[in-house]
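[1] 3D, please:
(one chain, ligands or ions: 1)
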Amino acid sequence: MLALPQVAKSKVALPCSALDNMRLVLLGPPSAGKGTQASLLSQRFDILHLATGDILREAVAAGSSLGKKAKKFMDTGALVPDAIVIGLLEGKMKSTQSQTGFILDGFPRNVDQAKQLEEFTDLDLVLCIEVDPNRLVERATGRRSCKNCGAIYHVRYNPPKQLGICDKCGGPLFLRDDDNEEIVRKRLRTYEDQTKPVIQYYESIGKLKYVEGEGSIEDVQKKLLDAIVEQWPQLKDAAYGPMPVKKPVVSTPPKPSPQPSQQPRPQHGQGAPHGGGGRSHRGGRGRGRRGRYFGKPGSKGPNKP
Ligand code: AMP
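    Next comes the predicted model:
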């Protein structure tokens with residue numbers, strides 16, 4: 001039996017943002033476009049994208065014992081037991097060096113996960129993408145993902161330039177095992193039964209904003225950004241300005257790691273001030289910025305002075 005989530009008990013820290021702790025959750029039914037949209041938001045605001053579905057698939061691909069256990073559930077469209085998901089999420093958080101804010105994609109997926117999340121962080125905003133259920137099956141069965149970089153396409157709505165090949169990295173595209181019609185329908189039922197109550201809960205405490213998920217990727221992204229700006233007007237420039245470009249990763253010989261006392265202190269609010277022309281996201285990651293950790297409910301979010 002797996003040890004129960006260490007996350008809540010040990011208050012293992014989630015990374016927090018130099019943009020004043022932007023702590024987001026993105027929810028929505030299977031194939032609503034959470035992965036694509038969360039990835040764009042993470043790039044725009046230089047926050048960490050943590051997708052439990054991706055983390056689970058990584059564990060499955062690695063053949064780890066947790067991955068093997070998880071696969072049995074994923075293949076049937078059920079939720080993976082909390083202990084496995086939270087254990088893997090915790091491992092991912094610990095191994096992540098880039099400490100900025102975060103966007104959780106596909107987590108929490110049931111009320112227990114939401115309660116555990118609440119034990120160690122205070123979310124700022126939960127965004128829920130809504131899509132007509134009748135369209136979700138078509139969206140899922142036409143979805144293709146890149147084996148190398150995880151980029152997501154749709155055979156009809158967002159096809160790659162070359163059939164079966166990723167535009168971004170040239171990797172092979174594949175159909176997820178759980179994106180066949182029968183399993184997608186089961187995942188939709190799981191969403192109705194277990195995730196809808198989580199959404200209702202966030203709505204009841206005033207943290208939820210619904211975003212309509214029909215339209216192009218850009219349309220939906222714009223609606224998500226509108227919801228973020230509605231919450232935090234000071235992020236207007238960062239939200240609507242040009243998408244920050246990631247600095248290319250230059251391969252250099254590893255340097256000895258500095259002693260703890262030599263490590264640069266994280267600088268809260270580093271970059272342009274809110275609403276002050278947008279913060280430079282370039283090199284936000286990969287510049288050795290060591291983040292503060294938190295876990296203190298009540299710490300300030302971007303909407304709080
Ligand atoms: P996704 O990629 O988010 O659609 O997730 C794919 C599958 O991974 C789901 O159908 C679940 O079996 C599993 N999964 C992802 N996130 C969670 C979670 N937070 N809790 C339990 N199972 C999850």
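[2] Output the set of residues of the chain in proximity to the ligand.
    Taking CB under 6 Å from any ligand atom as the criterion, the chain approaches the ligand at residues 30, 52-53, 56, 73-74, 77-80, 85, 106-107, 109, 113, 178, 187. All C-beta spots, glycine's among them, are computed from the backbone N, C-alpha and C.
[3] and Glu58, how many neighbours?
    Glu58 sits with 15 neighbouring residues when counted by other CB atoms under 10 Å.
[4] Tell me the confidence at it?
    On pLDDT, Glu58 comes in at 92.
[5] excluding its backbone neighbours, what's nearest it?
    The shortest distance from Glu58 to any residue other than its chain neighbours is 7.7 Å, reached at Gly67 (CB to CB, 6 or more residues apart in numbering).
[6] So whichever residue of the stretch 51-200 of the chain sits closest to the ligand: helix, strand or coil?
    Scanning the stretch 51-200 of the chain for the residue nearest the ligand gives Gly53, at 2.0 Å (criterion: CB to the nearest ligand atom). Following DSSP: H, G, I helix; E, B strand; the rest coil, the label given to Gly53 is helix.
[7] who touches the spatially closest residue to it that is not a sequence neighbour in this structure?
    Leaving aside its sequence neighbours, Gly53 sits nearest to Gly106 (CB to CB, 6+ apart; 5.0 Å). Gly106 makes contacts with 26-27, 34, 51-53, as judged by CB atoms under 8 Å, 6 or more residues apart in numbering.
[8] in stretch 232-244, what counts as buried?
    232, 234-235, 238-239, 244 (16 or more other CB atoms under 10 Å).
[9] so for it, what's the average pLDDT?
    Throughout stretch 232-244, pLDDT has a mean value of 92.
[10] chain center to that stretch, what's the gap?
    19 Å (CA atoms, centre = their mean, to the nearest Å).
[11] what about Ala78, neighbour count?
    Counted with other CB under 10 Å, Ala78 comes out at 15.
[12] again with Leu123
    Leu123 - counted by other CB under 10 Å - has 19 other residues nearby.
[13] One more: the one 5 residues further on?
    Cys128 is flanked by 23 other residues according to other CB under 10 Å.
[14] contacting residues around it?
    Cys128 touches 26-28, 199, 202, 208-211, counting by CB under 8 Å, 6+ apart.
[15] quick one: the helices in the chain?
    6-10, 34-45, 52-62, 65-74, 82-95, 111-120, 133-141, 181-190, 196-204, 217-231, 236-240 (DSSP state H).
[16] The ones you listed: lowest mean pLDDT?
    helix 6-10 (a mean of 32).
[17] Name the nearest of the buried residues of stretch 232-244 relative to Arg144.
    Nearest to Arg144 among the buried residues of stretch 232-244: Pro244, at 26.8 Å, using CB to CB.
[18] Give me the phi and psi for that closest one.
    phi -60, psi 140 (degrees, to the nearest 10).
[19] re earlier: in PyMOL, how would I select the buried members of the residues of the chain next to the ligand?
    Here is the PyMOL command that picks out the buried ones among the residues of the chain next to the ligand, judged by 16+ other CB under 10 Å:
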select buried, resi 30+52+53+56+73+74+77+79+80+85+106+107+109+113+178+187
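[20] Where strands are concerned, which of the contacts of Cys128 count?
    Residues of the contacts of Cys128 located in strands (DSSP state E): 26-27, 208-211.
[21] Phi, psi for the residue in the stretch 201-305 of the chain that the ligand sits nearest to please.
    When scored by CB to the nearest ligand atom, the stretch 201-305 of the chain has Gly213 as its residue closest to the ligand, at 14.1 Å. In terms of degrees, to the nearest 10, the main-chain angles of Gly213 are phi -100, psi 10.
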